[in-house]
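Trainee: coordinates only, sequence not included:
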């Protein structure tokens, strides 16, 4: 199998966590690409018509995307059980919340990094940050029981999302406003699969 990826992507990070948890790293060839929303790499476009990463090319040359599909596939392949059937919909909802945080975080990054300063929209940036802030605040209340207990897909998504926010938007200092989630994040970061896959670039 071949994974088309960029090391800074939080969506790629999710996939990387699954490869470590499932001891699949030696079964996947990692092919890095330099790609953005404004300048899509050829490898990314050929693997995924949308030009988005990650994309997993299987041994039969078929391709899986996006990260949620790839993670579900790797979970099944390795028998990880990150999508427990007894509370599947709640775990999937938590995963969607984490992915939403990533979406907003990446959107802010694109606005700041890809657009000239005179073309950037501060109101757009703050609107996206408001989504991140409200999402973390909802987690802080303890409303999502699936955030605790055995590791699941939702927890992986939230952990990767928070680490990406720190990676690209550390000046926002969300931890000071949400100490319970900051403590939760630290526990997740101590796990080997997360240590080995911290974002870079």
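Mentor: All right, it came through fine. Quick caveat, the model's predicted, so the values are computed rather than measured.
Trainee: What separation do you get for residue 92 and residue 112?
Mentor: Note on residue 92: its distance to residue 112, by C-beta to C-beta, to the nearest Å, is 31 Å. (C-beta placed from N, C-alpha, C; glycine too.)
Trainee: Residue 73 now?
Mentor: 33 Å.
Trainee: returning to that earlier point: which of residue 92 and residue 112 has more residues huddled nearby?
Mentor: Counting neighbours by other C-beta atoms under 10 Å for residue 92 and for residue 112 shows that residue 92 has the greater number, 18 against 13.
Trainee: part of a strand, is the more buried one?
Mentor: No: if the criterion is DSSP: H, G, I helix; E, B strand; the rest coil, then residue 92 is helix and not within a strand.
Trainee: who touches residue 35 in this structure?
Mentor: 6, 41, 43-44, 51, 53 (C-beta atoms under 8 Å, 6 or more residues apart in numbering).
Trainee: Look at it and report its pLDDT.
Mentor: Listed pLDDT for residue 35 reads 73.
Trainee: ok, which stretches of the chain are helices?
Mentor: 10-21, 42-47, 67-78, 88-114, 122-140, 153-169, 179-189, 192-195 (DSSP state H).
Trainee: looking at these, which has the lowest confidence?
Mentor: helix 42-47 (a mean of 80).
Trainee: which other helices and strands contact that one?
Mentor: strand 2-5, strand 55-57 (3 or more C-beta pairs under 8 Å, 6 or more residues apart in numbering; DSSP states H and E).
Trainee: Direction included, what does the first one pair up with?
Mentor: In the sheet containing strand 2-5, its partner strands are strand 29-32 (parallel), strand 55-57 (antiparallel), by DSSP bridges.
Trainee: Could you identify which of those is most buried?
Mentor: Greatest average neighbour count among those goes to strand 55-57 (a mean of 25), per mean count of other C-beta atoms under 10 Å.
Trainee: that older thread, which one of the helices of the chain lies closest to residue 34?
Mentor: For residue 34, the closest of these is helix 42-47, at 9.4 Å, according to C-beta to C-beta.
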